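>>> Got a sequence here, can you build the structure:
(chains A and B)
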2 protein chains.
Amino acid sequence: MIMKEIEKFFSPKSVAVVGVSEEPGKLGSIIFNNMLDAGFKGKLYPVNPKYKELFWHKVYPLVSEIEEVVDLVVIAVPSKFVNDVLEDCGQKGVKNVIIISAGFKEIGEEGKKLENEILATATRFDIKIIGPNCLGILVPQNGVNASFTASTPRVGDVALISQSGAYCTAILDMAMPINLGFSHIISFGNKVDVDETDLLPVLLKDDAVKVVGAYLEEIKYGNKFINEVSKSAKRKPIVILKAGQTNEAKKAIISHTGAMAGDIEVYKTAFEQSGIIEVEGLRDLFNLLMAFSWSKYPKGDRIGIVTNAGGPGIVATDLVVDSGLKIAKLSEATVELLSKNLPPTANIHNPVDIIGDALADRYKTAIQALAEDNGVDAMIVIITPQLITQIEETAKIIINAIKVYDKPIIPILLGEKYMSPALSRFYDNRFAAYKDIKDAVDVLKGMVNFVTFDTNDFLSVDKVEQIIKSGKYRAEVAENIKYDQALPDELTQKMCDEVGIELPKQKVCMNLEEALEFSKNLYPVVIKALNSDLPHKTDFKAVHTNLTGESDLRAAYTVLETRLSEYFLKDKHEWSKEILIQEQVKGQEQLFIGANMNGSSGVYDQSGEGFGHLLVFGQGGIYTEIEHDMAYALVPTSIEFIKKQLMKTRVYKILDGARNQAELAIDKYVDAIESVQKMVLLYPEIKSVDINPIIVNTDRAVAVDVKVFC
Amino acid sequence: MIMKEIEKFFSPKSVAVVGVSEEPGKLGSIIFNNMLDAGFKGKLYPVNPKYKELFWHKVYPLVSEIEEVVDLVVIAVPSKFVNDVLEDCGQKGVKNVIIISAGFKEIGEEGKKLENEILATATRFDIKIIGPNCLGILVPQNGVNASFTASTPRVGDVALISQSGAYCTAILDMAMPINLGFSHIISFGNKVDVDETDLLPVLLKDDAVKVVGAYLEEIKYGNKFINEVSKSAKRKPIVILKAGQTNEAKKAIISHTGAMAGDIEVYKTAFEQSGIIEVEGLRDLFNLLMAFSWSKYPKGDRIGIVTNAGGPGIVATDLVVDSGLKIAKLSEATVELLSKNLPPTANIHNPVDIIGDALADRYKTAIQALAEDNGVDAMIVIITPQLITQIEETAKIIINAIKVYDKPIIPILLGEKYMSPALSRFYDNRFAAYKDIKDAVDVLKGMVNFVTFDTNDFLSVDKVEQIIKSGKYRAEVAENIKYDQALPDELTQKMCDEVGIELPKQKVCMNLEEALEFSKNLYPVVIKALNSDLPHKTDFKAVHTNLTGESDLRAAYTVLETRLSEYFLKDKHEWSKEILIQEQVKGQEQLFIGANMNGSSGVYDQSGEGFGHLLVFGQGGIYTEIEHDMAYALVPTSIEFIKKQLMKTRVYKILDGARNQAELAIDKYVDAIESVQKMVLLYPEIKSVDINPIIVNTDRAVAVDVKVFC
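Okay, here's the model as predicted:
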């Protein structure tokens, strides 16, 4: 069981550090001393063939010469020696190893080779590895600091995992002055073995962990990662700084760790769909870790604001509304209470402005009133340093209120010189407090997102297991896979029938006569080249629409036939002479549905890498990319989530009958999206599905043009 | 000349403070002592009829009893006494008065009355007033601290003006520990007289001012304010925190200062069009003031990044690209230099990762290389606290580089505990430095916006003065102004002709026969109710389109006639029996053009309040609001700016011939927008123009439906 194996890293009874030397500045020596400083209670063995005794401890020449099989070995020797040490560990029966050493995949080919060697050795001896090229791990509650940080943080309930050691040290440096405590800090570097997906379930299960923070450049087993979130019994906030969103940054990642950064929409959708909170930078990450560790959580999104100055109250109101949170409407009782107890010049509505001459007791009056108003889910209290403001007294009042009331009360102290001592009071009490309104609003937004997340949005393979069986035409699909070419129309049609995607009445014709015969009772009709012949029809003008009668059809058919003959002649290709005739579906609204594979085809049984298929849907037609009116859902997903996402598009309002127009068949369209999901689950080898347009009218959603690529 | 009068506030030779008392905590006493602390070299007079001597100064019972006519009087007595003091000042011949006292407009009706009284007195005696309900002013270079701040800042080149005193004290509290210096801090509260538009030209002209920061809730004389920016001889950065963007915040503003917050798009466009930098919050404002005061300015937008850790380099790259700045491409020479002097595991391309074991000298190598690369306009240098990082040595190296090189080098110190001392080194040298990557990127974005702003975008009435004459039909317009009703179509048509807006061939008909006759050679045609009868045609279904022949027209005409008769019967209105017949203009692309008045009609000769008219243009049709694909320009503006703004819309790509479609008559459309501008300049009484749709095809832009409201 992998969870048990991972847990052994965090609570070892004996630890060997390989690479300790007489120089205290060397990695191995620092790690050894960090273990001592952290108060490790188990056995600690320095290993180095060159010494007999170091730091008052007996030194062992090899891990295998230690009298016992240690629970954890930390390796900090030059990369070329790492495999020998690992071999020695394996011989001895050691199962958990942290490789601090750099000089592997991140330096190029040679390092990649070394990394493959250690992976092979680890596999042979069934060793779990964290690293290489990492900072190490800290588990303060167990006296473990198997890292080369400059200090050991307080014991706390924040777990931090990171692909970047520097982000660990930066966060640690921010946490130390305010004594924010950690349950785990795990830097896993090149993640040759243990990665984010292995670590997450252990941290989510551990009662010592209240919130998980992560810096990640890619999530290799995306679908599995997201599933670990959904499977976890207790929901915990997970805050991720996902780097490498832009192409420019991806290039930097490749040179940095050799990891491939994923597609931005895939990650954004995955996080949204599983209730993970994404942040843009270090400060946001730190602020949210502080809040989730130290604050009470709100029950809803209605924010109350108390301020001793109008301006900041207005700015706070702007930021609350912009972030999607709500300005709480105070109850009549609250307003009356405030009107009775505040001076007449105060604003007794939210944002409550207790004005510049407010002393601490006026803060108390206002905070109490809002805290006891059931219409307020969370409170922001702004202190500006005005003439008679009692900064520290007010801080004490707020600290009392935070202790008493069961809703978050977030103080914002605008300023620095006279504000810092008050800020420290909050931190000393382990209460979140901020220096900027935007920080506090962002934090509240993150907390509200966490508490209001609908767990039904969770991706869960379990929920759709019944439909993961094999598609009827897999053999035929396998035969027809051609690079950069869609599956043949006839096969695509059969697959559409299988999953329930409605197509227009249509026929592939070999000649004009056949076309005329088929169209007889069907006008207006459309003719087009076959999908498998030409992937980009419109740009080639290989579609003729609105053919209202025989003469139209005759003319268009002849033109298209000639153009296609010339096109194929030029490319010296065979052409089957086939042209597709379709009823022209009535309805103004052209939409589209797409699905793109992210990862390997084994992703749905969780053996494969990636996130699976991303469904995309929204405004269609030839300007789909320009209009960029689309929403996303990762497979597998629910009808409810598809609907929720669709409602974010502009075209949804049109479907819903804006401007007194008829309501269109939204449900039929959503069903079609669900059918596309079914198709990629039945045929996980599908690279992409592209339905554009799918015409939605008042009673049908008809997929006029369907292309499937494998 | 108003500028001279304003300047007198800042360099008085004698100052009287009214309301000084023996209690040192009273406003008047604090202001008096602040003047002493600030080292005021002129004559200082405490005024209070109750005392003979205070703070070792002779006290005067009245301002009029002082032996000289003082340059500046600061009033800090209860609001009910203010008018008497002002009257006394006026009698004596005092011209500059700051009213600190609160209790005016912001408290409601009673206060509003008091405020009107003091305004009348001031007008009578030709007194300029700053305030009431303000913190006062600080001009450290002249020893002036006529405010009740807790301290006086260093002399510097940052000018700060604010409607909120609390924002002044908060910024001061942030500035004090790092010794950021100010030329002016001016809190003008209720701005009964002197406001942002009076202050701005004085600050822009003053050589002591390098950057102007402002917290504003509304700009009353918007057009004039923007013109002051454009008229200023030397361009200086102006950074504005504009509060009250959301409706919820506007409500708070009204209760706070009684000011009406303006329309969000008007402000955003005004700032963009005049090169003003807008910020979201206090931190952004402070960071930019620091950068504009202490940093060199970039010449372009190509950013170089140096980091000792991969992760932060990637995050910085993401943020740079997201902000619209560019990741500089290093020259071959630079790359070769880096490859020669950095370890093989470093990333020698931008972002340059000098990796975790970088000492200060390696920072020097990388910074020097990038500083001397002409392809790099500005540099971000990231320090993370790793094992052997020489934090302070590195800071010293960066400080040297900042001094030597003529481009901005912005250090980012990720962390707190071990980072703070290094951060202080930068501040002590008066160099901008930040703790978060986003802060630094936002600052660079602001600076790049300032230096790359095209001054041709400036709003300037001068440039369009030639077209500001009276419209030919102003008398007729005046006769036809009706609340919530458009001008009659015939008048609108004449106005369109006057400014050069192309309309479809059309005629107002009284009966079916007339309509049939007119349409004879014109099919397909459109019929509709007259604009002046029905403002919202589509929702009423009062338009019939695509009438391809006589029978179509006959049927539609009859239906519309009946519907209109019923409608007018119900409302007991007269109906003229008129129906409009138009050619149906060919072309798929429906666009729109709108113009909305913001302010009074005197705004263009700068006597009126507001910003003038806001032009809006983009995707039209019935889903204009849903698609929300629009751009803005404030009148007066240039063809170039209109084009630049239009290019931000999605529909621009369609007009420009995306997806192999024909290019449409963009120039004709832009001309039509310009014609609308001309119309509102000829008729400044126009409240709104609404052209939707204007059909743009390959050679025409035809305004199919034009409504003008006055």
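
>>> Spell out the secondary structure type for residue A:311.
Recorded secondary structure, residue A:311: helix (DSSP: H, G, I helix; E, B strand; the rest coil).

>>> should've said residue A:613
With three-state DSSP as the basis, residue A:613 sits in strand.

>>> Contacts only, for it.
Residue A:613 makes contacts with A:595-598, A:634-635, A:677, A:680, A:686, as judged by C-beta atoms under 8 Å, 6 or more residues apart in numbering or on different chains. The way it works is simple: take the backbone N, C-alpha and C, and place the C-beta from them, glycine included.

>>> again, 7 Å this time
Residues near residue A:613 by C-beta atoms under 7 Å, 6 or more residues apart in numbering or on different chains: A:595-598, A:635, A:680.

>>> Dig out what it forms beta bridges with.
residue A:597 (DSSP bridges).

>>> ok, now the one 5 residues further on?
Bridge pairing for residue A:618 (DSSP bridges) gives the partners residue A:592, residue A:630.

>>> in the stretch 51-200 of chain A, which spans are helices?
Assigned by DSSP state H, counting those that start in this stretch, the stretch 51-200 of chain A shows helices spanning A:79-92, A:109-125, A:165-175, A:196-205.

>>> Out of these, which one sits most buried?
Compared across the helices of the stretch 51-200 of chain A, helix A:165-175 shows the largest average neighbour count, a mean of 27 (mean count of other C-beta atoms under 10 Å in any protein chain shown).

>>> Mean confidence (pLDDT) on that helix, please.
Computed over helix A:165-175, the mean pLDDT rounds to 97.

>>> if we look at that helix, which residues are touching it?
Under the criterion C-beta under 7 Å, 6+ apart, residues A:134-135, A:149, A:151, A:153, A:160, A:162, A:185, A:187, A:189, A:215, A:282, A:286, B:309, B:311-312, B:356, B:384-386, B:414-419 lie in contact with helix A:165-175.

>>> Give the buried residues for stretch A:146-153.
A:146-153 (16 or more other C-beta atoms under 10 Å in any protein chain shown).

>>> Nearest to residue A:63 among these?
residue A:146 (14.5 Å; C-beta to C-beta).

>>> In chain A, which residue is most central in space?
Most central in chain A under C-alpha atoms, centre = their mean is residue A:271, positioned 3.1 Å from the mean C-alpha point.

>>> Now that one. Nearest residue, chain neighbours left out?
residue A:278 (4.8 Å; C-beta to C-beta, 6 or more residues apart in numbering or on different chains).

>>> bridging residues for that neighbour?
On the basis of DSSP bridges, residue A:278 is bridged to residue A:240.

>>> tally of neighbours for it?
19 (other C-beta atoms under 10 Å in any protein chain shown).

>>> Contacts only, for it.
Residue A:278 touches A:240, A:242, A:268, A:271, counting by C-beta under 7 Å, 6+ apart.

>>> Give me the contact list for the helix or strand containing the third one.
So the one you mean is residue A:268. Here residue A:268, judged by DSSP states H and E, is contained in helix A:264-274. Contact with helix A:264-274 is made by A:222, A:226, A:229-230, A:240, A:242, A:245, A:278, A:457-459, A:598, A:611, A:614, A:632-634, A:637, A:641, as judged by C-beta under 7 Å, 6+ apart.

>>> hmm, which of those are the buried ones?
Here, 16+ other C-beta under 10 Å leaves A:222, A:226, A:229-230, A:240, A:242, A:245, A:278, A:457-459, A:598, A:611, A:614, A:632-634, A:637, A:641 buried among those.

>>> Which members of the residues you listed occur in strands, if any?
The members of the buried ones among the contacts of helix A:264-274 that map onto strands under DSSP state E are A:240, A:242, A:278, A:598, A:611, A:614, A:632-634.

>>> What is the nearest of the residues you listed to chain B?
residue A:242 (9.1 Å; C-beta to the nearest C-beta).

>>> for the closest one, what are its contacts?
Counting by C-beta under 7 Å, 6+ apart, residue A:242 touches A:216, A:267, A:278.

>>> Identify, from those residues, the entry nearest to residue A:519.
Distances from residue A:519 to these, taken by C-beta to C-beta, are shortest for residue A:267, at 47.3 Å.

>>> Residue A:344 and chain B, how far apart?
Separation of residue A:344 from chain B (C-beta to the nearest C-beta, to the nearest Å) stands at 7 Å.

>>> Surely that residue is in a strand?
No. Counting by three-state DSSP, residue A:344 is located in no strand; its state is coil.

>>> one step back: in the helix holding residue A:268, what counts as buried?
For helix A:264-274, using 16+ other C-beta under 10 Å, the buried residues are A:266-267, A:269-274.

>>> need these in CSV with pLDDT, can you?
Shown next, in CSV, are these (pLDDT from 0 to 100):
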residue, pLDDT
A:266, 92
A:267, 94
A:269, 94
A:270, 94
A:271, 95
A:272, 93
A:273, 91
A:274, 91
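
>>> and the nearest residue to residue A:444 once chain neighbours are set aside, how many residues sit next to it?
Among residues not flanking residue A:444 along the chain, residue A:378 sits closest, at 5.6 Å (C-beta to C-beta, 6+ apart). By the measure other C-beta under 10 Å, the count of residues near residue A:378 is 27.

>>> pLDDT score for residue A:378?
Looking at residue A:378, the pLDDT reads 98.

>>> swap in the one 10 residues further on?
Residue A:388 carries a pLDDT score of 89 in this model.

>>> who's in contact with it?
Residue A:388 makes contact with A:357, A:359, according to C-beta under 7 Å, 6+ apart.

>>> isn't there a strand covering it?
No. Residue A:388 is assigned coil when assessed by three-state DSSP, not a strand.

>>> got the phi/psi numbers for it?
Here is the backbone geometry of residue A:388 (degrees, to the nearest 10): phi -110, psi 10.

>>> Kindly reformat the buried residues of helix A:264-274 as TSV containing distance to residue B:200.
Converted to TSV, the buried residues of helix A:264-274 look like this (distance: C-beta to C-beta, whole Å):
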residue	distance to residue B:200
A:266	48
A:267	45
A:269	46
A:270	49
A:271	45
A:272	44
A:273	49
A:274	50
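
>>> Among the residues you listed, find me the one that's closest to chain B.
Nearest member of those to chain B, counting by C-beta to the nearest C-beta, is residue A:267, at 12.1 Å.

>>> The closest one and residue A:274, how far apart?
Distance, residue A:267 to residue A:274, by C-beta to C-beta, to the nearest Å: 11 Å.

>>> same check, this time on residue A:409
For residue A:409 relative to residue A:274 (C-beta to C-beta), the value is 29 Å.

>>> Residue A:706 too?
Distance of residue A:706 to residue A:274, computed by C-beta to C-beta: 30 Å.

>>> now residue A:381
In terms of C-beta to C-beta, residue A:381 sits 33 Å off from residue A:274.

>>> What of residue A:586?
From residue A:586 across to residue A:274, the span is 40 Å (C-beta to C-beta).

>>> Excluding sequence neighbours, find me the nearest residue to residue A:450.
Leaving aside its sequence neighbours, residue A:450 sits nearest to residue A:237 (C-beta to C-beta, 6+ apart; 4.8 Å).

>>> pLDDT at that neighbour, what is it?
In this model, residue A:237 carries a pLDDT of 97.

>>> Any idea how far stretch A:354-371 is from the middle of the chain?
Between the centre of stretch A:354-371 and the centre of its host chain there is 40 Å, according to C-alpha atoms, centre = their mean, to the nearest Å.

>>> In it, which residues are buried?
Quick answer for stretch A:354-371 (16+ other C-beta under 10 Å): A:354-356, A:358, A:360, A:362-371.
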